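In: starting from these lines, generate the structure:
(chains A and B)
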Number of protein chains: 2
Amino acid sequence: MAEGEARPNKKVVLRNYVDGFLKENDMEVVTDTVRLQVPHESTAVIVKNLYLSCDPYMRVRMSRHDQSIEFPGFVLGSVMTGYGVAKVVVSGHKDFKVGDLVLGITGWEEYSLITDPNSLIKINHPELPLSYYTGILGMPGMTAYIGFYEICAPKQGEFVFVSAASGAVGQLVGQFAKLAGCYVVGSAGSDEKVTLLKEKFGFEDAFNYKKERDLNAALKRCFPEGIDIYFENVGGAMLDAVLLNMRNCGRIAACGMVSQYNLEKPEGVHNLINIVSKRVRMEGFVVLDHFSKYRKFEEMVVQHLKSGKITYVEDIAEGLESAPTALVGLFKGKNVGKQLVVIARE
Amino acid sequence: MAEGEARPNKKVVLRNYVDGFLKENDMEVVTDTVRLQVPHESTAVIVKNLYLSCDPYMRVRMSRHDQSIEFPGFVLGSVMTGYGVAKVVVSGHKDFKVGDLVLGITGWEEYSLITDPNSLIKINHPELPLSYYTGILGMPGMTAYIGFYEICAPKQGEFVFVSAASGAVGQLVGQFAKLAGCYVVGSAGSDEKVTLLKEKFGFEDAFNYKKERDLNAALKRCFPEGIDIYFENVGGAMLDAVLLNMRNCGRIAACGMVSQYNLEKPEGVHNLINIVSKRVRMEGFVVLDHFSKYRKFEEMVVQHLKSGKITYVEDIAEGLESAPTALVGLFKGKNVGKQLVVIARE
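Out: Residues are numbered from 1 along each chain as shown, chains lettered A, B, ... in the order given. Take a look at the predicted model:
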């Protein structure tokens, strides 16, 4: 392609702020034009987007917000943004050259202008599937790494519970827990996912939370001695049941609460007194704060992937047009493994 | 008194397990007999109880429990126990002699047999009012010390909020926060207590939560920049409002949730997602785990008391017969300052 050339640019925009459960027609796929040129003397780059990551936190950005929050809201009628894998096609920045493969916040569109390329991370291992950099080698992987190793501070032999365990973050937390010599149980929303947890990811046990009438009883069955570490992805009723089953000095890494994002009023959590009596530390974290550790994380996970000690399952939607459906499916639990969208493979 | 002598021994016993709000007639004052003698070759001691501490956690011990909890339940018809200040009157233990003043878990009665005197702490500063050892120099003081300095890890200039702020723990947390160079605001349940917080304990601001229609608005008024540290004594609706006002990387020391102890089902807390987005650490602690630091704490507080840098308010009920009323009053917020009962002054 020629620099300066004008091209059609398909993109996903937010049509309206979302109340309650996300629907496909809250988003719209439109086409406008992009000129493959960066402003004069700018250090921006233009990237061709290859793989887009569908992540639960994006739902939070789709609500109308009356105050600044950690994740700024999307702008109505504008392109949605999120983590993706992309290739540099025009560069005004000395550290990036055409053809470089990068990971970072980009647009849900074919081509994006990145005004601050310093936010991008270069992909060091293109010999692995590039899509992995939306998940196990991207933000969700970093989330599992920071949340498990830094927030949970695991010790060998401890009892670990992971909710949303077959998702992008959960499947890696479970495998990190195995590597750390822990006993790990996961919950997921279908029997297929439960099988995946036990047979593919090596969880000692797993259960389908939709089939359990009493989450407290399910946890007591899986953890007769209680839970040392809970990697919290869902919130609400599951958190309430977990609180009843924490052991003394347990840790809860609060990574997200996906069961709550589509509710107008979050569910009440009633059992917080157990935080006092069991001396529990519940700690929230935002992975953005920790990207200085990215290379250390990347090398560790690449090594385990190559030696077969860690495995990974992804659910790939084809084409930008499928992106709204893929994102909605995340909240219905339709995806099996990490949900992502492929726009182009190179 | 002569060793071996039999004496009448007035005591407070639990009449029935408590459901819902504690009432005076859930307890009963009865009299039996004590023989001032320890078993042959035993290392027990007999103490004369002087001051008894009324503490919110005691309510938890009055419910019927279907499983072991941190605080074992009281036994129906048996004497209630709690922290107190006492004098050794008979000793079978080489480290304790008759006349020693001690602090520790004792009975709500005139004389108690302490089978494991190693659980007792000798009082090093009898030149201060002995009653202080039920509060500012006792378990509540240690709770403030551990919770504030170790769990909250305060930094100069941070914004600190304390609920139940005029109580035994809260008044000391507020004064520790001032010593640490923090900005401190407290909530309490009467205008009299609010005045006390501002005029006696040096809180920058305080509010009567019973007069606030909207706790979130009250906190926004007192903390336009948000809260770095919350010393949690009450739980429920106050915690929910605090979560909306936490700053990034805030800490919540979960010390107790007194507003919840008399409810059959605890209130729901809806705003936990802020733990994630604000990277909040909420950590429970039980002061029992930390008594190895007692002497360090005691010397620090004694020095501040003697130099006038810390002050202290207590609410003293006279006589063992008044103990049930004093304990019930704690949950109605009747006490102004640390609630205790004096059985005998020496």
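
In: and the closest residue to chain B within the stretch 101-250 of chain A, how many neighbours?
Out: Among all residues of the stretch 101-250 of chain A, residue A:235 sits closest to chain B, at 6.5 Å; criterion: Cβ to the nearest Cβ. In short, each C-beta sits where N, CA and C put it, glycine included. Applying other Cβ atoms under 10 Å in any protein chain shown, we find 24 other residues in the vicinity of residue A:235.

In: quick one: pLDDT of it?
Out: pLDDT, the model's per-residue confidence, is 93 for residue A:235.

In: nearest residue to it in space, please, no chain neighbours.
Out: Ranked by Cβ to Cβ, 6 or more residues apart in numbering or on different chains and with sequence neighbours excluded, the top spatial neighbour of residue A:235 is residue A:257, at 2.7 Å.

In: near chain B, which residues of the stretch 151-300 of chain A?
Out: With the criterion set to Cβ under 8 Å from any Cβ of the partner chain, the stretch 151-300 of chain A comes near chain B through A:235, A:239, A:254-257, A:260, A:265-286, A:289.

In: just those: which are in strands?
Out: A:254, A:281, A:282, A:283, A:284 (DSSP state E).

In: for stretch A:313-322, which positions count as buried?
Out: Buried residues in stretch A:313-322, counting neighbours by 16 or more other Cβ atoms under 10 Å in any protein chain shown, are found at A:313, A:314, A:315, A:316, A:317, A:320, A:322.

In: export the residues you listed as TSV, with columns for secondary structure, pLDDT and distance to residue B:295.
Out: Converted to TSV, those look like this (DSSP: H, G, I helix; E, B strand; the rest coil; pLDDT from 0 to 100; distance: Cβ to Cβ, whole Å):
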residue	secondary structure	pLDDT	distance to residue B:295
A:313	coil	95	56
A:314	strand	96	58
A:315	strand	96	59
A:316	strand	97	63
A:317	strand	98	64
A:320	helix	98	67
A:322	helix	98	67
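
In: low-scoring pLDDT stretches of the stretch 51-200 of chain A, where are they?
Out: A:66-70 (pLDDT under 70).

In: tell me the SS of the most far-flung residue of chain A relative to its centre?
Out: Of all residues in chain A, residue A:40 has its C-alpha farthest from the mean position, at 35.6 Å, by Cα atoms, centre = their mean. For residue A:40, the secondary-structure state derived from DSSP: H, G, I helix; E, B strand; the rest coil is coil.

In: quick one, phi psi at it?
Out: Recorded main-chain torsions at residue A:40 are phi -50, psi 130, according to degrees, to the nearest 10.

In: I'd like to know which elements the helix or strand containing residue A:193 is packed against.
Out: Element membership for residue A:193, per DSSP states H and E: helix A:191-199. Using 3 or more Cβ pairs under 8 Å, 6 or more residues apart in numbering or on different chains; DSSP states H and E as the contact criterion, the elements in contact with helix A:191-199 are strand A:183-188, strand A:205-208.

In: name the helices or strands packed onto the shortest one?
Out: Contacting strand A:205-208 under the criterion 3+ Cβ pairs under 8 Å, 6+ apart are the following elements: strand A:183-188, helix A:191-199, helix A:215-222.

In: avg pLDDT for that strand?
Out: Taken as a whole, strand A:205-208 has an average pLDDT of 98.

In: who touches that strand?
Out: By Cβ atoms under 8 Å, 6 or more residues apart in numbering or on different chains, the surrounding residues in contact with strand A:205-208 are A:165, A:185-191, A:193-194, A:197-198, A:218, A:222.

In: again, but for stretch A:214-230
Out: Stretch A:214-230 is contacted from outside by A:148, A:152, A:154-155, A:158-163, A:177, A:182, A:185, A:187, A:205, A:207, A:209, A:212, A:237-238, A:240-242, A:244-247, A:249-253, using Cβ under 8 Å, 6+ apart.

In: before we move on, the earlier item: closest to residue B:108 out of the ones in strands among the residues of the stretch 151-300 of chain A next to chain B?
Out: Within these, proximity to residue B:108 (Cβ to Cβ) peaks at residue A:281, which comes in at 33.7 Å.

In: partners of the longest strand that chain A contains, with directions?
Out: Secondary structure assigned by DSSP E gives strand A:81-91 as the longest strand of chain A. If you go by DSSP bridges, strand A:81-91 pairs up with strand A:45-53 (antiparallel), strand A:101-107 (antiparallel).

In: give me the distance between residue A:71 and chain B.
Out: Spatial separation of residue A:71 from chain B under the definition Cβ to the nearest Cβ, to the nearest Å is 8 Å.

In: what kind of secondary structure is that residue in?
Out: coil.

In: residues in contact with the residue lying closest to it once chain neighbours are set aside?
Out: The shortest distance from residue A:71 to any residue that is not its chain neighbour, by Cβ to Cβ, 6+ apart, is 5.0 Å, and that residue is residue A:61. Counting by Cβ under 8 Å, 6+ apart, residue A:61 makes contact with A:71, A:72, A:73, A:74, A:80.

In: now the last one: phi and psi?
Out: Taking degrees, to the nearest 10, you get phi -80, psi 150 for the backbone angles of residue A:80.

In: what's near enough to touch it?
Out: With contact set as Cβ under 8 Å, 6+ apart, residue A:80 has these partners: A:12, A:13, A:14, A:27, A:58, A:61, A:74, A:107, A:108.

In: from residue A:53, how far off is it?
Out: Using Cβ to Cβ, to the nearest Å, we find residue A:80 at a distance of 12 Å from residue A:53.

In: so for the residue of the stretch 201-346 of chain A found nearest chain B, what's the pLDDT?
Out: Using Cβ to the nearest Cβ, the single residue of the stretch 201-346 of chain A nearest to chain B is residue A:268, 1.5 Å away. Per-residue confidence at residue A:268 stands at 93 (pLDDT).

In: same thing with the one 10 residues further on?
Out: For residue A:278, the model assigns a pLDDT of 94.

In: for it, phi and psi?
Out: In this entry, residue A:278 is assigned phi and psi values of phi -100, psi 10 (degrees, to the nearest 10).

In: can you get me a residue count around it?
Out: With neighbours defined by other Cβ under 10 Å, the count for residue A:278 comes to 21.

In: contact partners for it?
Out: Neighbouring residues of residue A:278 by Cβ under 8 Å, 6+ apart: A:246, A:247, A:248, A:249, A:250, B:70, B:284.

In: so the first one makes contact with residue A:280?
Out: Going back to what we said before, that points to residue A:246. Yes: proximity of residue A:246 to residue A:280 meets the contact threshold set by Cβ atoms under 8 Å, at 5.1 Å.

In: need the residues touching each of those two.
Out: For the pair residue A:246 and residue A:280, residues contacting each of them under the criterion Cβ under 8 Å, 6+ apart are A:252, A:274.

In: in a helix, residue A:148, correct?
Out: Yes: using three-state DSSP, the assignment for residue A:148 is a helix.

In: just give me the neighbour total for it.
Out: Considering only other Cβ under 10 Å, residue A:148 is surrounded by 28 other residues.

In: which residues in chain A form helices?
Out: Listed in chain order, the helices of chain A (DSSP state H) span residues A:57-60, A:139-145, A:170-179, A:191-199, A:215-222, A:236-243, A:273-277, A:294-307, A:323-332.
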